[in-house]
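In: got a predicted model here, sequence first, then my questions.
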Amino acid sequence: AAITSLIGLLSDYIVSAIEGAALQLHVPLPFLVVILLPVVNNASEHSVAIVFAWKNKLDVTMGIVLGSSTQIFCLILPWAVLLGWALGSPMDLDMKPFEGGVILATVLLVFMTTYSGAAHWLHGCALLVAYVAIAAAFWCHSDPDLEGQWGSRRL
């Protein structure tokens, strides 16, 4: 519980400092928000999933990993939109084609790797490669809405 609380405090610090870090480090804001922030924010969940996977408890591991993603996408995100609407802060789910395509490709890849119900190390490698490819895409992608404010970084 102490480690989870510490990670929560560190996550709050990261969220408050992320815009300044993006400017100072010349890292695209979408990369930090979509790739780096979730990894740091869910570090305790990831570590528990790794421990259960190491102990060959695949059903628990899949429950942790897929359950967390499903909760965020189906519960937290819509509540954040409603809360933003109630507070007068604009937030919507109007995703651009790039972000929508990434979500669609991710859902399809996870479906294809979990559909059979059997696990293979190559499935895990495919998901890791996809994560690295998505990270690289968010690093190189230039968002016209943010370009004037944050700039874009091309390789």
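Out: Sure thing, it's come through.
In: low pLDDT regions in the protein?
Out: 1, 143-155 (pLDDT under 70).
In: neighbours around Thr4, how many?
Out: Here the number of neighbours of Thr4 (other Cβ atoms under 10 Å) works out to 12. Glycine gets a C-beta too; all of them are placed from N, C-alpha and C.
In: which residues touch the helix or strand it falls within?
Out: Mapping Thr4 onto the secondary structure by DSSP states H and E places it in helix 2-25. Around helix 2-25, the neighbours that count as contacts under Cβ atoms under 8 Å, 6 or more residues apart in numbering are Val27, Pro28, Leu29, Leu32, Val33, Leu37, Val40, Asn41, Ala43, Ser44, Trp150.
In: swap the cut-off to 6 Å and go again
Out: Judged by Cβ atoms under 6 Å, 6 or more residues apart in numbering, the contacts made with helix 2-25 from elsewhere in the structure are Leu29, Leu32, Val40, Asn41, Ala43, Ser44.
In: narrow those residues to just the buried residues.
Out: By the neighbour-count criterion of 16 or more other Cβ atoms under 10 Å, those include these buried positions: Leu29, Leu32, Asn41.
In: any idea which of those is closest to Met95?
Out: Among those, Leu29 lies closest to Met95 (Cβ to Cβ), at 15.6 Å.
In: excluding covalently adjacent residues, which one is nearest to the closest one?
Out: Distances taken as Cβ to Cβ, 6 or more residues apart in numbering put Ala22 closest to Leu29, at 4.3 Å, once the chain neighbours are dropped.
In: and the one you found, how many neighbours does it have?
Out: As a burial measure, Ala22 scores 22 neighbours (other Cβ under 10 Å).
In: distance of it relative to Leu36?
Out: To Leu36, Ala22 is 10 Å away according to Cβ to Cβ, to the nearest Å.
In: can you map out the helices along the chain?
Out: Listed in chain order, the helices of the chain (DSSP state H) span 2-25, 29-31, 37-41, 43-54, 58-71, 77-87, 97-114, 121-140, 144-150.
In: follow-up on the earlier one: okay if I get the buried ones among the contacts of helix 2-25 as a markdown table plus distance to Leu128?
Out: Below are the buried ones among the contacts of helix 2-25 laid out as a markdown table (distance: Cβ to Cβ, whole Å):
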| residue | distance to Leu128 |
| --- | --- |
| Leu29 | 24 |
| Leu32 | 20 |
| Asn41 | 19 |
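In: from those residues, pick the one nearest Ile134.
Out: Where the buried ones among the contacts of helix 2-25 are concerned, and distances follow Cβ to Cβ, Ile134 has its nearest neighbour in Leu32, at 13.9 Å.
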